[in-house]
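Enquirer: Any chance you can model this:
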Amino acid sequence: MFVATLLTNPVAGSLAPALVESLRNAWGGDDVVWLCPDEAAEFSLPEVPGNQWNVWADVQNMGVDLVVQPSGARRKKMLLADMDSTMIQQECIDELADMAGVGDRVKEITARAMNGELDFEGALTERVGLLRDLDEDVISQVLSERITLMPGGKELVSTMRANGGYAALVSGGFTAFTAHVAAELGFDENRANTLLVENGRLTGDVQRPILGRQAKVEALEQITSRLGISESDAIAVGDGANDLGMLGRAGTGVALHAKPSVAAECDVRINHGDLTALLYLQGYARSDFAA
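Expert: This next block holds a predicted model:
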């Protein structure tokens with residue numbers, strides 16, 4: 001059996017019952033279950049519809065996300081999440097670069113790296129090099145003035161942990177940011193790169209080894225092994241090319257507001273919903289969300 005989930009941006013609340021019922025009838029699904037009125041609904045069906053992606057494209061134009069997945073073992077025991085443009089709405093290195101006066105150059109490199117056009121490690125070292133001599137205190141300033149959480153993140157982490165799940169934040173960004181974001185959202189652990197500092201200023205380099213695409217896969221392997229669970233018990237979420245390894249290996253890999261080249265390689269794509277979409281995909285209703 002499979003389950004089809006339709007959801008939209010919670011702020012819009014524009015999921016029309018007529019659309020859900022029409023699709024259920026067309027696909028021969030079971031009764032619709034509303035996970036949240038006007039926001040998220042699901043129904044079971046016997047097989048994956050042949051026109052799934054054509055319908056997906058149609059409902060995308062209506063501001064609706066559609067995911068079809070196996071109905072068994074949807075509730076996951078572990079969350080593995082990227083940070084930049086996933087758990088927060090910014091790219092930390094871009095914000096630091098803007099403060100350093102090299103924002104446009106760094107943003108260009110970031111966009112190409114996240115789209116898979118550049119080697120991640122080389123792109124990271126080049127961008128960090130442009131931050132040389134930036135005052136370390138700028139990190140705290142960026143955190144307090146420029147970093148905002150992605151909507152739904154607190155609900156996602158707290159609900160999964162309240163149901164026995166483990167949450168790990170794994171980023172190609174920097175520990176100065178992941179430690180703060182992980183603490184605010186309630187993650188069990190965080191991993192990232194460490195900016196090197198001398199005499200209160202950034203040196204323009206990061207500690208080796210650099211955490212990139214393979215390190216995220218290794219985090220999935222190591223943490224699931226330590227917890228005594230399988231990789232299929234994990235749900236992973238990210239938006240960039242360096243997330244594709246973990247997204248492909250986890251039981252459910254979610255491309256969240258991802259770059260087109262990244263989304264094209266993922267079967268689970270959320271372009272309109274927020275992070276609560278990951279709860280709806282696991283069958284949680286809004287009433288199940290932890291405070």
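
Enquirer: mind saving the C-alpha coords of the longest strand belonging to the chain as CSV?
Expert: Longest strand in the chain, counting residues (DSSP state E): strand 166-174. Output of strand 166-174 as CSV, limited to C-alpha atoms (Å, rounded to 0.1, in the frame of the first residue of the first chain):
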residue,chain,number,x,y,z
TYR,A,166,16.7,11.7,17.8
ALA,A,167,17.6,14.9,16.1
ALA,A,168,20.9,15.8,14.5
LEU,A,169,21.9,19.0,12.8
VAL,A,170,24.6,18.4,10.2
SER,A,171,25.8,21.4,8.2
GLY,A,172,28.6,22.3,5.8
GLY,A,173,28.4,25.7,7.6
PHE,A,174,30.0,26.6,10.8
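
Enquirer: got the buried residues for it?
Expert: 166-174 (16 or more other Cβ atoms under 10 Å). Backbone N, C-alpha and C define where each C-beta goes, glycine included.

Enquirer: What of stretch 50-58?
Expert: 52, 55.

Enquirer: okay, the buried residues of strand 166-174 in JSON lines with distance to Leu66 and pLDDT next?
Expert: JSON lines is the format used below for the buried residues of strand 166-174 (distance: Cβ to Cβ, whole Å; pLDDT from 0 to 100):
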{"residue": "Tyr166", "distance to Leu66": "29", "pLDDT": "98"}
{"residue": "Ala167", "distance to Leu66": "26", "pLDDT": "98"}
{"residue": "Ala168", "distance to Leu66": "28", "pLDDT": "98"}
{"residue": "Leu169", "distance to Leu66": "28", "pLDDT": "98"}
{"residue": "Val170", "distance to Leu66": "28", "pLDDT": "97"}
{"residue": "Ser171", "distance to Leu66": "29", "pLDDT": "96"}
{"residue": "Gly172", "distance to Leu66": "29", "pLDDT": "93"}
{"residue": "Gly173", "distance to Leu66": "31", "pLDDT": "94"}
{"residue": "Phe174", "distance to Leu66": "35", "pLDDT": "96"}
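
Enquirer: still on that earlier bit, partners of the longest strand of the chain in the sheet?
Expert: Strand 166-174 pairs in its sheet with strand 78-81 (parallel), strand 189-193 (parallel), by DSSP bridges.

Enquirer: hang on, the earlier thing: tell me the one of the buried residues of strand 166-174 nearest Ala182?
Expert: Lowest distance from Ala182 to these (Cβ to Cβ) belongs to Leu169, with 4.7 Å.

Enquirer: unless I'm mixing things up, that closest one is touching His180, no?
Expert: No - look at Leu169 against His180 with Cβ atoms under 8 Å: they stay out of range, at 10.5 Å.

Enquirer: related to what we said a few turns ago, would you mind finding the most buried of the strands paired with strand 166-174?
Expert: Of all the strands paired with strand 166-174, strand 78-81 has the most neighbours on average by mean count of other Cβ atoms under 10 Å, namely a mean of 26.

Enquirer: Compute the distance from the centre of that one to the centre of its chain.
Expert: Relative to the centre of its chain, strand 78-81 is centred 9 Å away, using Cα atoms, centre = their mean, to the nearest Å.

Enquirer: now swap in stretch 79-93 and tell me
Expert: 7 Å.

Enquirer: Can you give me the buried ones in the worst-scoring helix or strand of the chain on mean pLDDT?
Expert: Confidence across the helices and strands of the chain bottoms out at helix 103-114, with a mean of 87, counting by mean pLDDT, DSSP states H and E. Going by neighbour count (16+ other Cβ under 10 Å), the buried part of helix 103-114 is 106-107, 109-110, 113-114.

Enquirer: Which single helix of this protein contains the most residues?
Expert: Ranked by number of residues, the top helix in the chain under DSSP state H is helix 213-227.

Enquirer: for the residue with the largest distance to the centre of the chain, what are its contacts?
Expert: Most distant from the centre of the chain: Asn199, at 35.1 Å, with distances by Cα atoms, centre = their mean. Asn199 sits next to no residue when contact means Cβ atoms under 8 Å, 6 or more residues apart in numbering.
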